[in-house]
Every structure is written in structure tokens, then in C-alpha cells.
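[1] Sharing a model that was predicted from the sequence below.
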Amino acid sequence: MTKKSTRTIIDPNAKATSKDGIYGLPFKESEARVVFIPVPWDVTTSYQAGTSKGPGAILAASEQIDFFDLDFIDAYQAGLFMKKESAKIIKLNSEGRLLAKKIIDADDATMAKNKVLQKNLVKVNQICNDLNNEVYNETKKLLSNDQIAVVVGGDHATPFGAIKAYAEKYPKLGILHFDAHSDTRNAYMGFENSHASIMHNVMEKISGISKLVQVGIRDFCEQEYLYTKENKKVEVYFDQTLARRKMSGENFQKIAKEIISKLPEHVYISFDIDGLDPRFCPNTGTPVPGGLDYQEVMLIINELVASGKKLVGFDLVEVAPNPKDKSNEWDANVGMRLLYKMTSASLATMGHIKKR
């Protein structure tokens, strides 16, 4: 990557505007150490749609950031840039969602005998494959340029291509997965690249993944439970178990250290915002009672930094704006802050900024 421009002076105490770029930063893509890839996608969303609006909502909310951080020194100085939403991806999402919605609304008996819906399913799976290829190619290009590529979803199907590119660059990569859902279903509702299948696909279709550590899981089917239990590469910290350990008086910092100890040297975080308590993300596609507190997540991330392991990449998915109140940016506000914190942590572990 080229060096950051020194011509623009950034006042970290001034009011930011998202018109200048994410977090109000004026960097060009070539000047940025971290490049956010917006993926407006909700093709296979099975409960409530809206995550395709997430990247735009995060960008708009990002002007509310204050850069001063008690843990890290000035991540913004490394250069942060969000790409424009791809017209091709927007078109694929529109086409795919139209076809997928008819399949989602049909019952199994109808699907079994309806040739049109069966053909539509084949088309949807191909459209999702096209999306994976787009994200993979973009991520691979950025990684080859020594930049940190970050997928901003969109539903949780979106980062598959990115994880594939990261696994190629960092053999024996570990995935730290925050989520309410296990996402280890096999081709949920026939969709091979469903948001409910992302971690199953990661483990079965991407070579080089050495470990998957899931945190906050509290909504899953028996097939998913058995899959994770029988797979020696998977470690699950169920929300119920975490809650009971805390209620029995166990120190959460001890739990956080334990979680991080299960991961290898190179770590990728895949963060579905519904891993948090729904009070932080009430409009996400599939909210579930329970979940992690925001500061508990911060503690886990800080323990990752303190461990000396490297947070080489990450994504943030399933942020959705309030469909009934466009002025309510709470979900996006939480999302953009979480995104900045993970950015800071990644830059610190990679030696681009310092801890306080």
C-alpha cells in the first residue's frame, strides 16, 4: 500500500461528517491501512429482512464517533476507508431476494412438487456463489496490498469469501465467532450459502481453518448441536453456560482468558451483532433473548490483544436500521462503535498502533 497522505490534518476533537468518509475521515483507499467492504445483502434472511441497509446505516452513524479511547491510541491515524456499495452486489441482492422470498414462503410439500421454485433455488444458490466470489476477489486484492479488509454486512452469509481469502494468507487460522446462532446448518431451506450455514460452510469448504470458537450461542437446532459437539475443531461457549458460570460467582475475566486460550496465533473475528443482548440491537434480523453485554465483548477483545495473538481480520454483520423509524440509529450507532473497537484491536495486534 502507498503511504498515508500527510497533507490533511485531522482534528480528533472536531465534529465528524460521514460525507467525508466513514468516521468523517478523508483518507483515500490507497492511503488506508483498513478498508471496509460494504456488502448490502439479505437474500436468504428467513425472519425479517433489513440487513442490506446495515452498511449504509453504519456509515451514516459513524459521524457520531469520538476517537479518544482508553485502551488504544488513535486508530484513525492508520487510515480507515469504506468503499462505495457495489452496484453489482446491489443488483445480485435484489434479484436473489425476489427469488428466495418465494421459496422461504413455501412449505416443504410445495417445494417438492413445484418445478419453478426448484429452478429458482438453483438460481439463488448461483447468485450467492457469485457474491462469494466478489467478496473473495476484493478481499484477496486488499490483503495482497498489505491492507486489512473488513466485510460490513449484510446478513451473515456475506463474509464467506473474505474468510476464504484470509485462510489462504494465514494457514491454521482460528475463527472467534460471536453470535446468538450456531450457523452450522447444512444448506438451510435448500440455500447452500444461507446466513444459517456460514460456519458450517467455513469449516467444511475452507481448508486451513484450525479452530472455531463460538461465543454467546443460544438458538440452535439438534443437528447443529451434534455437529459442533462431534467436531474437534469447534469449541462452543453457550450463552446459558456463560450466564450460569457468572451467576455462580465466576470471574468473567477468567472466562475471557479461557476463551482466548482456545485460539491459535492468527485470529479472525466474525461478529454477528445479535450475539449481543438485544437491547443493543433490537432491529437485527433474528434477535434472541439473553446474550453478551457490550463490555463483556470488549473484555474478550482486550484479552485477545493482551495475549499476544494477532487479530488479522474481522467482519461485522446483521446490523439493521429500524424499518419504522429512520431517525432511530441505535443499532447502527452500536455497530459503528463495535466496528471501530475491533479496528483498533486489530491494528494494535498487527503493530500499526499502540495500546495506552
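    Okay, I see it.
[2] Which other helices and strands does the helix or strand hosting residue 203 contact?
    In the assignment (DSSP states H and E), residue 203 maps to helix 198-205. Counting contacts by 3 or more CB pairs under 8 Å, 6 or more residues apart in numbering; DSSP states H and E, helix 198-205 is packed against helix 160-169, strand 173-178, strand 209-217. In short, each C-beta sits where N, CA and C put it, glycine included.
[3] winner for burial among these?
    Neighbour counts (mean count of other CB atoms under 10 Å) averaged over each of the helices and strands packed on helix 198-205 peak at strand 173-178, with a mean of 25.
[4] re earlier: could you give me the average pLDDT of the helix holding residue 203?
    Helix 198-205 shows a mean pLDDT of 97.
[5] so where is this protein shaky, pLDDT-wise?
    Scanning the chain for pLDDT under 70 picks out 1-9, 18, 47.
[6] one more time with 90
    1-20, 44-50, 104, 106-109, 111-112, 187-190, 285-286, 322-328, 356 (pLDDT under 90).
[7] re the thing from before, quick one, which of the helices and strands packed on helix 198-205 gets closest to residue 267.
    Smallest distance to residue 267 across the helices and strands packed on helix 198-205 (CB to CB): 5.0 Å, for strand 173-178.
[8] now the strands for the stretch 201-350 of the chain?
    209-217, 234-238, 266-272, 310-317 (DSSP state E, counting those that start in this stretch).
[9] Mind giving me the packing neighbours of the first one?
    This means strand 209-217. Packing partners of strand 209-217 (3+ CB pairs under 8 Å, 6+ apart): strand 173-178, helix 198-205, strand 234-238, helix 239-247.
[10] Determine which stretch of those is the most buried.
    Using mean count of other CB under 10 Å, the stretch among the helices and strands packed on strand 209-217 with the greatest mean number of neighbours is strand 173-178 (a mean of 25).
[11] contacts for that strand?
    Contact partners of strand 173-178, identified using CB atoms under 8 Å, 6 or more residues apart in numbering, comprise 163, 166-167, 183, 199, 202, 208-216, 259, 263-264, 266-272, 275-276, 292, 297, 300, 304, 312.
[12] Could you tell me which strands sit next to that strand in the sheet, and their orientation?
    Using DSSP bridges, strand 173-178 pairs in its sheet with strand 209-217 (parallel), strand 266-272 (parallel).
[13] got those as a markdown table, with distance to residue 54 columns?
    As requested, the strands paired with strand 173-178 are arranged in a markdown table below (distance: least, CB to CB, whole Å):
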| stretch | distance to residue 54 |
| --- | --- |
| strand 209-217 | 19 |
| strand 266-272 | 11 |
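[14] for these, which one sits closest to residue 134?
    The closest of the strands paired with strand 173-178 to residue 134 is strand 266-272. By CB to CB, the value is 18.0 Å.
[15] got the contact list for the closest one?
    Strand 266-272 is contacted from outside by 156, 159, 163, 166, 170, 172-181, 183, 198-199, 301, 304, 309-318, 338, 342, using CB under 8 Å, 6+ apart.
[16] how does it look with 6 Å?
    Strand 266-272 is contacted by residues 156, 159, 166, 170, 173-179, 309-318 when judged by CB atoms under 6 Å, 6 or more residues apart in numbering.
[17] Can you point out the buried residues in that strand?
    Of all the residues in strand 266-272, those buried under the rule 16 or more other CB atoms under 10 Å are 266, 267, 268, 269, 270, 271, 272.
[18] now stretch 19-27
    When neighbours are counted by 16+ other CB under 10 Å, the buried residues of stretch 19-27 are found to be 21, 22, 23, 24, 25, 27.
[19] That concludes my questions; thank you for your assistance.
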